[in-house]
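Predicted model and sequence below, questions to follow.
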Amino acid sequence: GATAAFALLGEVLLIGLLMTVASLLVVTLPAALAAGIRHLRRFAAAEHSPFAQFWRDFRSAALPGAVVGFGAVALMLLLLLDIDLARSGFLPGGFIVEIVGWVGLAAVAVAIMLAAGAWAPETGWRAALRAVPGLIRSDLIGALYLVSTAVFVVVLTWVLPPLFIAALGCAALAVVAVPERRRRFLNEPPHSEEL
């Protein structure tokens, strides 16, 4: 399990590499993310987590997940075009359009991460996508953590593109860890006051 910090780091880097290979087609990124998240959940829970299971999860998620990936890529390209047009100075109120574009990109990134975290072979992508609004409403601070995770992935990749592998593994770990921090906080026993 995830009791040893270096073992967890190694697992995050390995799963980041597998997810990168699985997402080379770009539209398969949601499926790769879903399989990576499921792998890290099993690893953190000290369950049997062979890499063969990662590939089984990826195969189950890939074809329907490609539809999600196409939609996400199309929406992100549209938002990037809006941001570019807003910066050109040709649009009235370009500053507002640019802000809306950046917020939209963050929303798409968080939705993809949450949907990938909610995906299961039994329920599929449709149920995972339907769960996203409820997940955001139930843990708004967690959604903000995932926004910062998406920014982290983009900045790290921009600084040095090969770091995308590690950043992608860290993004999968964040999707696993963010809900856990809330469960731990809610289940934490009250502190006894000293007299």
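Looks like it came in fine. The shown structure was predicted, so the numbers you read here are calculated from the model rather than taken from an experiment.

quick one: the strands in the chain?
In the chain, no segments count as strands under DSSP state E.

okay, and the helix or strand of it with the least pLDDT?
helix 164-187 (a mean of 84; mean pLDDT, DSSP states H and E).

what's next to that one, contact-wise?
8, 12-17, 19-20, 23, 33, 36-37, 39-41, 44, 113-114, 116-117, 139, 142, 145-146, 149-150, 152-153, 156-157 (C-beta atoms under 8 Å, 6 or more residues apart in numbering). To be clear about C-beta, it is placed using only N, CA and C from the backbone, and glycine gets the same treatment.

The residue nearest the centre of the chain and A177, how far apart?
Nearest residue to the geometric centre of the chain (C-alpha atoms, centre = their mean): M113, 2.8 Å. As judged by C-beta to C-beta, to the nearest Å, M113 and A177 stand 12 Å apart.

From the contact counts, what lies against whichever helix in the chain runs longest?
The longest helix of the chain (DSSP state H) is helix 51-88. Secondary-structure packing of helix 51-88 (3 or more C-beta pairs under 8 Å, 6 or more residues apart in numbering; DSSP states H and E): helix 5-22, helix 29-44, helix 94-118, helix 124-138.

Buried deepest among those, which one?
helix 29-44 (a mean of 25; mean count of other C-beta atoms under 10 Å).

And it, what does it pack against?
helix 5-22, helix 51-88, helix 94-118, helix 164-187.

Among those helices, which comes closest to L29?
helix 51-88 (5.8 Å; C-beta to C-beta).

Put together TSV for the helices and strands packed on helix 51-88, with distance to L85 and mean pLDDT on each row.
Formatted as TSV, those follow (distance: least, C-beta to C-beta, whole Å; pLDDT from 0 to 100):
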stretch	distance to L85	mean pLDDT
helix 5-22	31	89
helix 29-44	25	93
helix 94-118	7	93
helix 124-138	28	94
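
Would you confirm that V12 contacts L40?
Yes. Here V12 reaches L40: they are 7.1 Å apart, a contact under C-beta atoms under 8 Å.

which residues touch L24?
Applying C-beta under 8 Å, 6+ apart, no residues qualify as near L24.

Spit out the contact partners of the nearest residue to M76 once chain neighbours are set aside.
Leaving out its chain neighbours, the residue that sits closest to M76 by C-beta to C-beta, 6 or more residues apart in numbering is V108, at 5.8 Å. By C-beta under 8 Å, 6+ apart, the contact list for V108 reads A72, L75, M76, L79.

try 6 Å this time
Residues in contact with V108 (C-beta atoms under 6 Å, 6 or more residues apart in numbering) are A72, L75, M76.

what's the spacing between the nearest residue to D57 once chain neighbours are set aside and I141?
Spatial nearest neighbour of D57, excluding adjacent residues (C-beta to C-beta, 6+ apart): A35 at 3.8 Å. Using C-beta to C-beta, A35 is found at 27 Å from I141.

One more: V100?
Relative to I141, and taking C-beta to C-beta, V100 is found at 23 Å.
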